[in-house]
Structure formats: C-alpha cells, structure tokens
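> for reference, the sequence and a predicted model appear below.
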Amino acid sequence: MPTYWTDKSGEAHAPTFVSKVEIEGEIFTGQGAKTKKQAEMSAAKIAYTALQQRTFLICFILILFSLS
C-alpha cells in the first residue's frame, strides 16, 4: 500500500504542496502543486512512470538473454 507525505510551504494565501510517495521501500517525489491532491497525484504519476519504465527494461533484458 502506498504511503504519502505532503509538505506545505510558501505564503498562507498561496501555498505550495510537495508530496512524496513510498512504494515497497522506494520514495518518489512529485512536483510542487497548488493543492495537496494535485501534489499527491504528481508523486503518484512519477512513481508509476518510473516503475513502468523499470518493468519495461527488465522485460527487455530478459528477452535479450532468452535470445542468446
């Protein structure tokens, strides 16, 4: 289950939120956003993209090894 942490900074009338998400011991940091929800979505997208690319790379390597 992912765990989120969100930091709030900036002026009270215009805060910036930055979230981090931990998935299986790995932490991914999102970009700054105007709302906590947007910040969490940013962290989730970054985590998803990184994990997806890693899975693709692992599959590619396994295919290469199976061809040799």
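Perfect, thanks for sending it. The structure displayed is predicted, hence computed values, not measured ones.

> quick check: pLDDT value at Gly32.
Per-residue confidence (pLDDT) for Gly32: 98.

> number the chain from 48, please
OK, 48 is where the count begins now, so the last one is Gly79.

> so it makes contact with Ala61?
No. Gly79 is beyond contact range of Ala61, at 11.5 Å (criterion: C-beta atoms under 8 Å). Any C-beta I mention is one placed from the backbone N, CA and C, and that applies to glycine too.

> got the contact list for the residue nearest the centre of the chain?
The chain has Ala94 as the residue nearest its centroid, 2.7 Å off, counting by C-alpha atoms, centre = their mean. Ala94 makes contacts with Pro49, Val68, Ile70, Glu73, Phe75, as judged by C-beta atoms under 8 Å, 6 or more residues apart in numbering.

> about what we covered before: Gly79 and Ala61: who's more crowded?
Taking other C-beta atoms under 10 Å, Gly79 and Ala61 do not tie; Gly79 has more neighbours (15 against 7).

> tell me how far the more buried one lies from Thr50.
According to C-beta to C-beta, to the nearest Å, Gly79 and Thr50 sit 20 Å apart.

> show me how far stretch 91-103 is from its chain's centre.
Relative to the mean C-alpha coordinate of its chain, stretch 91-103 is positioned 8 Å out (C-alpha atoms, centre = their mean, to the nearest Å).

> what about that stretch, average pLDDT?
92.

> buried residues, that stretch. List them.
For stretch 91-103, burial by neighbour count (16 or more other C-beta atoms under 10 Å) applies to Ala91, Ile93, Ala94.
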